[in-house]
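1. dropping the sequence and predicted coords here.
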Amino acid sequence: MPSTLIQERTEARPNARQEAAGKVKGVGSGRRWATWARGATGVVVLGLVWEFLPRLGLVNPYFLPPLHTVLGALWTMIKDGELEKHLKASLYRSLVGFGLAIVTAIPTGAAIAWYRPVRELLQPVLEIIRNTAALAVLPVFTLILGIGETSKIAIVLYACFFPILLSTITGVATVDPQLLRSARVLNLSPVQTFRKVVFPAALPTIFTGIRMSGAAAILVLIAAEMIGANAGLGYLINYAQYNFLIPKMYAGILTTAALGVALNYVLIGIERRLSRWRT
């Protein structure tokens, strides 16, 4: 009899765990759908406000056309391939500059935080440079590198470098000392300690800087394309404004906003995938 009860309890435990896991998963899924629904509601409300403000005469419909007019201009540019040309140019410049910033800023920040001589050598110089706004040095990049692709990529690299650098320094420098003591107890080498303990612990903080730089990559590039370019979303917005193609101008702004949102969600997905060990 006791053995039978023990067997029944043992068999019941996995079922109970599965039921509990199913309930937790169901609650999480419900919350996720509720979050998406509230977000979609906010976007719909914003679209309705945009649509009806010009129609009701609360704003001048020439300077702020209704949303359906802007979407019509956007669809026309999609069909004739004009939007694709400008979008490809902006994507190439922003992604190359953003990628170069990640590749250079993370090792530099890790070296500054991990090695004191490197920090003492580089930190004063970097402090001087990082307090100079990216758009303030745009004329310098244009004079030295010309008005081609190189200057656009360089200004994006400059704007994205320092948020990633500072977040990397902060993340590496504020790793829990208990983790470092555990690494010493396990006789890990400095390289193993950094690779297996420090970098994973600093990754969430590093991704904060990466996401900030993702937004900066789009914003700074749009401003740079407005000053000197013959293609790109910034050029499209500037050209439409000067030629009073107002719906096309707003269509370019909407595309820029959608691009920034999409990049942010891609980075969030990558962060979650790399940080699956976190609860």
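-> Now that the structure is in, tell me what you want to look at.

2. ranges for the helices of this structure?
-> Counting by DSSP state H, the chain has helices at residues 2-55, 67-80, 82-114, 116-130, 138-145, 149-173, 177-185, 190-193, 199-227, 233-242, 246-274.

3. highest average neighbour count across the ones you listed?
-> With neighbours defined as mean count of other Cβ atoms under 10 Å, the helices of the chain peak in mean count at helix 149-173, which reaches a mean of 23. Placement of C-beta: from N, CA and C, glycine included.

4. now the angle from it to helix 233-242?
-> Helix 149-173 runs at 120 degrees relative to helix 233-242, counting by axes from the mean of the first three to the mean of the last three Cα atoms, to 10 degrees.

5. now do helix 149-173 against helix 82-114, angle only.
-> In terms of direction (the same axes, to 10 degrees), helix 149-173 departs from helix 82-114 by 40 degrees.

6. ok, back up a step: of the helices of the chain, which shows the lowest average pLDDT?
-> Mean pLDDT values for the helices of the chain show the minimum at helix 2-55, a mean of 66.

7. check contacts around L166.
-> G109, R130, G209 (Cβ atoms under 8 Å, 6 or more residues apart in numbering).

8. residues in contact with the nearest residue to H86 once chain neighbours are set aside?
-> The shortest distance from H86 to any non-neighbouring residue, by Cβ to Cβ, 6 or more residues apart in numbering, is to L236 (4.6 Å). When the contact criterion is Cβ under 8 Å, 6+ apart, the partners of L236 are E82, L83, H86, K248, G252.

9. so this protein: which segments form each domain?
-> Using automatic domain parsing, the domain parsing of the chain gives 1-63, 67-274.

10. quick revisit: so for P61, which of the helices of the chain sits nearest?
-> Among these, helix 2-55 comes nearest to P61, with 3.7 Å by Cβ to Cβ.

11. okay if I get the contacts of L236 as JSON lines plus distance to V43?
-> Listed next are the contacts of L236 as JSON lines, based on distance: Cβ to Cβ, whole Å:
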{"residue": "E82", "distance to V43": "25"}
{"residue": "L83", "distance to V43": "21"}
{"residue": "H86", "distance to V43": "24"}
{"residue": "K248", "distance to V43": "22"}
{"residue": "G252", "distance to V43": "19"}
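
12. of the contacts of L166, just say which sits nearest to L91.
-> Checking the contacts of L166 one by one against L91 (Cβ to Cβ), the nearest turns out to be G209, at 21.3 Å.

13. quick check: closest non-adjacent residue to the closest one.
-> Excluding its sequence neighbours, the residue lying closest to G209 (Cβ to Cβ, 6+ apart) is S167, at 2.7 Å.

14. same deal with A251?
-> Nearest residue to A251 in three dimensions, chain neighbours excluded: L74, at 3.9 Å (Cβ to Cβ, 6+ apart).

15. residues in contact with the one you found?
-> When contacts are counted by Cβ under 8 Å, 6+ apart, L74 touches L83, A251, L254, T255.

16. next, N187: phi, psi?
-> In terms of degrees, to the nearest 10, the main-chain angles of N187 are phi 60, psi 40.
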